[in-house]
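*Asks:* next one to model:
(3 chains)
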Amino acid sequence: MSDSQAAVQSHDGLHNPALLHHFADEGQQRDASSLGMWIFLATEVMFFGGLFCAYLIYRRLYFGDFGAASASIDAKLGGTNTAVLICSSLTVVLAIWAAQTARRSLMILMLIFTMLFGVAFLGIKGIEYKDKFEEHHVPGVSFSFANVPIPGHPDQYANPQHAQIFFALYFIMTGLHALHMVVGLGIFTWLLWMAWKGRFTPRYHTPLEIGGLYWHFVDIVWIYLFPLLYLIDRHP
Amino acid sequence: MATATVPSVERENYLNKHYGVGSWLLTTDHKRIALLYLISITFFFFIGGFFALLIRLELLTPASDLVQADTYNKLFTMHGQVMVFFFLIPSIPAVLGNFLIPLMVGAKDLAFPRINLLSWYLYIIAGIMMVHCMLTGGIDTGWTFYTPFSTAFSNTKVIEAGLAIFVSGFSSILTGLNFVVTIHRMRAPGMTWSRLPLFVWAHYATSIIQILGTPVIAITLVLVVAERALHLGIFDPKLGGDPLLFQHLFWFYSHPAVYIMILPSMGVVTEVIACFSRKRIFGYTFVALSSIAIAVFGFLVWAHHMFVAGISVYAALIFSLLSYSVAVPSAVKVFNWTATLYKGSIHYDAPMLYAFGFLGLFTMGGLTGLFLAALGVDVHVTDTYFVIAHFHYIMVGGALMGYMGGMHFWWPKITGKLYPEGWARLAALIVFIGFNLTFFPQFVLGYLGMPRRYADYSHMPEFQVLNVLSTAGSTVLAVGYLLPMIYFLWSMRYGKPASDNPWNAAGLEWKTQSPPTTFNFEEEPVVTWEAYNYDEIDKGRKEEVQVVG
Amino acid sequence: MHDHSKSSPLKSYFAVWGALLLGTFLTYEAALIDLGRFNAAVALLIATTKALLVALFFMHLKNASEKLLKLVVASTIFFLILLLALSMFDYGTRSFS
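*Replies:* Numbers count the residues shown, from 1 in each chain, chains lettered A, B, ... in the order given. The predicted structure is shown next:
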């Protein structure tokens, strides 16, 4: 076994067993974990950023076609999903507050609610994807976007090729986001288990904090995705 | 401070503490992980070198007679991909950075040792995918994956190679993340930012680039894979897409990537020059801040790879101007190194020979970069051997020489053995001569108009002489790289045992034993001295000698 | 060490939650009004406000004891904007060439 494992087993109880031995104290470990997660989120911002770059460039180039494509996705469902994620972010901070104030039942309840909101989000997403599939808006061999007028220009039809680019980016961006949601649900399952086992105290709940940071980030990505994808040219 | 004393009995250290394959493959010790990386990247270096050899053999004659053009396309593609993603980008950070940064800041390990191990496993998984890709047909798109050839026309394993590089990118990101958190959170008491070795500053700057840049190429490769697999049109002009969008996204990472490759090397050179001139680095603050400046400015210049691709003239103007600015912090470093040498007590040990080589060759590579940044000249020499010579001067003459210098400098610390100095100096000289013979003719070839990525230049047979010179040089260069392989391995068994600080160098890593124990320091060090305190070190040694003598 | 304000953070959490939901509603409604070129700007402005609220209050960036985390966020946003701005500059000026 590694040295750190041997050392931990030899003096359990002198400090929080979650303290790793290359750290001087719990504060240093918590600060390191927090900084580490923020830096990871920075990489995620740049990861999604590349997609936003591609999206913004094509939206500018093909504004009319993108508007037509955007009008065919359900903004009410998208808005609902935005509200769902906002609520889930609230339950996350409430869970952390509960951990800080030693309210174990509330903490567990809030974690469960967070996950329920996450599942609801994915469910609504699934409905949206199903609709797109049925309308043949999924890029590929059966893609079809014929005779769809451009918003504001009822005499012009949208270019199907440009619309396909919209949908390609739509599916990749929301799909990548949904994948991050799934990972988030996995993380929160683990956090729920740890909370259930009583591993979190007011003094130590770092995994909750950094898991929460990740969840909020996923929320922020959707906060931008919603208006950019769903609300391009919606006014009558 | 122990300098000349060498233990007669082998002490417990990180190498002999645990034995067995499991203790290596499941280690979280940053020093062992550094060695795991060392073995892996050396393996890939030889694969990349093998492709280089075939390229140079083909170019001995104007006709495409050794390999067909399609095969040649695969050779230069895989040479580039392996050398960039599987050798140069990890090299110094994953080997020397991993080994030394905890030691240099006075910590027991990096901030996240298990993530460090994960980083190596991701690299290995990516490497296996890449080797499999190469063995089952390889790719021929150029290491740059330009669309729509890579997405719509190439008949090679683009998806597999793209995914391999995607995975290797995460290895790189995790290394950078680990370094930044370690440098911020794990410094020993008294180790203020201005007492850090400049090697650490250089790696901090490198890590910023790894963290912010790599995700962009990751998503770009995802798009390429998606486009190729699902026949989308994001980058395909026939389907409404723009190939230049790919290039923007690709180069947004790949230009800063070249600074990932050179900054750590600059950090090594700083340490070596200080030690072997017995002087504090001239202008510590300028050198430290210039590393950060290179990292930041490096993100501002990417479209200088696209001057003739079809970007707007106004964008070209802006990027050309910005590209000139990025030369400034690099020049600052060169001036500071030179000023450090001035009136220093120069010792010509092998690490210093590599540092000298770096100084000259990096300067030439950097200056020719300015040629390329000038729009008018670039139109003439872009996509010719001039560009190839430019970046090989920096990558091989610069980065690789820094890596070799660093391996020699810290070899006694890493292994507890001394390499044979005579052979090492000879190898350094052979590398220098071989390098110049290989790549200088390529500047001339490029300027005269020989395009890059051509297997067949029989319409320009007058280029053969320079190509033959270049290939001859490459064989000399190969000897220069083989020699250290041999004597380093030899030294692990038969080399003289090293003392804790055979170079009498400054830096916390030299205060541990050679090789260090698993947790590096017996007690947490408390730093009360400035970096590069060579005057104190040498004064102390003189007094020791006087007392004894 | 996180510097938690002694007064209950619950009030600020619920206030932010309310503001976020309001912002979502406003985004949707604003999209239905013809603001010409400014539709996108308004939407992004509201989205950025929401993102800042989440980052500052839910992610505790406002109370962060050292400036480092804010520097990480600011630098990331800077480089993202760089990517977006300089590439859009190319596309935006191509028609003039």
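*Asks:* burial check on residue B:361, number of neighbours?
*Replies:* 22 (other C-beta atoms under 10 Å in any protein chain shown). Bear in mind the C-beta positions are built from the backbone N, C-alpha and C, glycine included.
*Asks:* need the pLDDT of it.
*Replies:* pLDDT, residue B:361: 97.
*Asks:* flag every residue of the stretch 201-350 of chain B that's near chain C.
*Replies:* With C-beta under 8 Å from any C-beta of the partner chain as the criterion, the stretch 201-350 of chain B comes near chain C at residues B:208, B:212, B:216, B:244-245, B:248, B:252, B:299-300, B:302-303, B:311-315, B:318-319.
*Asks:* select from these every entry located in helices.
*Replies:* B:208, B:212, B:216, B:244, B:245, B:248, B:252, B:313, B:314, B:315, B:318, B:319 (DSSP state H).
*Asks:* got JSON lines for those, with distance to residue B:157 and neighbour count too?
*Replies:* Shown next, in JSON lines, are those (distance: C-beta to C-beta, whole Å; neighbours: other C-beta atoms under 10 Å in any protein chain shown):
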{"residue": "B:208", "distance to residue B:157": "33", "neighbour count": "28"}
{"residue": "B:212", "distance to residue B:157": "29", "neighbour count": "30"}
{"residue": "B:216", "distance to residue B:157": "23", "neighbour count": "30"}
{"residue": "B:244", "distance to residue B:157": "25", "neighbour count": "22"}
{"residue": "B:245", "distance to residue B:157": "23", "neighbour count": "22"}
{"residue": "B:248", "distance to residue B:157": "25", "neighbour count": "28"}
{"residue": "B:252", "distance to residue B:157": "25", "neighbour count": "27"}
{"residue": "B:313", "distance to residue B:157": "37", "neighbour count": "13"}
{"residue": "B:314", "distance to residue B:157": "39", "neighbour count": "15"}
{"residue": "B:315", "distance to residue B:157": "34", "neighbour count": "23"}
{"residue": "B:318", "distance to residue B:157": "37", "neighbour count": "19"}
{"residue": "B:319", "distance to residue B:157": "33", "neighbour count": "24"}
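*Asks:* closest one to residue B:280 out of those residues, please.
*Replies:* residue B:208 (25.6 Å; C-beta to C-beta).
*Asks:* helices of chain C, residue ranges please.
*Replies:* Counting by DSSP H, the helices of chain C are C:9-31, C:38-53, C:68-93.
*Asks:* hmm, the shortest one touching chain A?
*Replies:* Yes: using C-beta under 8 Å from any C-beta, helix C:38-53 reaches chain A at C:39, C:43, C:44, C:46, C:47, C:50, C:51.
*Asks:* in ChimeraX, select just the buried ones from those.
*Replies:* Buried members of the residues of helix C:38-53 next to chain A, defined by 16 or more other C-beta atoms under 10 Å in any protein chain shown, are picked up in ChimeraX with:
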select /C:39,43,46,47,50,51
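*Asks:* what about chain A, any weak spots by pLDDT?
*Replies:* A:1-15 (pLDDT under 70).
*Asks:* any idea which strand is longest in it?
*Replies:* strand A:153-157 (DSSP state E).
*Asks:* mind giving me the packing neighbours of that one?
*Replies:* Applying 3 or more C-beta pairs under 8 Å, 6 or more residues apart in numbering or on different chains; DSSP states H and E, we find strand A:153-157 packed against strand A:149-150.
*Asks:* could you pull out the buried residues of the longest strand of chain A?
*Replies:* For strand A:153-157, a neighbour-count test (16+ other C-beta under 10 Å) marks residue A:157 as buried.
*Asks:* and for stretch B:439-446?
*Replies:* Result for stretch B:439-446 [16+ other C-beta under 10 Å]: buried residues B:439, B:440, B:441, B:442, B:443, B:444, B:445, B:446.
*Asks:* let me have the residues you listed in CSV, adding distance to residue A:204, secondary structure and pLDDT as columns.
*Replies:* Converted to CSV, the buried residues of stretch B:439-446 look like this (distance: C-beta to C-beta, whole Å; DSSP: H, G, I helix; E, B strand; the rest coil; pLDDT from 0 to 100):
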residue, distance to residue A:204, secondary structure, pLDDT
B:439, 57, helix, 98
B:440, 61, helix, 97
B:441, 64, helix, 97
B:442, 59, helix, 97
B:443, 61, helix, 97
B:444, 65, helix, 97
B:445, 64, helix, 97
B:446, 61, helix, 96
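*Asks:* can you give me the domain assignment for chain C?
*Replies:* Domain ranges of chain C: C:8-63, C:65-97, per automatic domain parsing.
*Asks:* now for these, which one comes closest to residue B:274?
*Replies:* Closest of these to residue B:274 is domain C:65-97, at 28.5 Å (criterion: C-beta to C-beta).
*Asks:* quick revisit: the helices of chain C: which one's closest to residue B:179?
*Replies:* Per C-beta to C-beta, nearest to residue B:179 of the helices of chain C: helix C:68-93, 14.1 Å.
*Asks:* what angle sits between that closest one and helix C:38-53?
*Replies:* Here helix C:68-93 points in a direction 170 degrees away from that of helix C:38-53 (axes from the mean of the first three to the mean of the last three C-alpha atoms, to 10 degrees).
*Asks:* can you give me the buried ones in helix C:68-93?
*Replies:* Within helix C:68-93, the residues that count as buried by 16+ other C-beta under 10 Å are C:68-69, C:72-73, C:76, C:79-80, C:82-84, C:86-91, C:93.
*Asks:* which residues touch residue A:54?
*Replies:* The contact partners of residue A:54, by C-beta atoms under 8 Å, 6 or more residues apart in numbering or on different chains, come to A:169, B:223, B:234, B:245, B:249.
*Asks:* what's the answer for residue B:387, then?
*Replies:* Here residue B:387 is in contact with B:372, B:381, B:446, B:452 (C-beta under 8 Å, 6+ apart).
*Asks:* looking at chain B, which helix or strand is least sure?
*Replies:* Least confident helix or strand of chain B, by mean pLDDT, DSSP states H and E, is helix B:534-548 with a mean of 80.
*Asks:* the residue nearest the centre of chain C and chain B: what is the separation?
*Replies:* Nearest to the geometric centre of chain C sits residue C:48, at 2.4 Å (C-alpha atoms, centre = their mean). As judged by C-beta to the nearest C-beta, to the nearest Å, residue C:48 and chain B stand 20 Å apart.
*Asks:* would you mind measuring from that residue to residue C:23?
*Replies:* Noted for residue C:48: a distance of 10 Å to residue C:23, by C-beta to C-beta, to the nearest Å.
*Asks:* do residue A:160 as well
*Replies:* Distance of residue A:160 to residue C:23, computed by C-beta to C-beta: 34 Å.
*Asks:* next: residue B:312.
*Replies:* From residue B:312 to residue C:23 the distance is 36 Å (C-beta to C-beta).
*Asks:* now do residue B:106
*Replies:* 47 Å.
*Asks:* what do you get for residue A:223?
*Replies:* From residue A:223 to residue C:23 the distance is 8 Å (C-beta to C-beta).
*Asks:* go on, residue A:115?
*Replies:* Counting by C-beta to C-beta, the gap from residue A:115 to residue C:23 is 24 Å.
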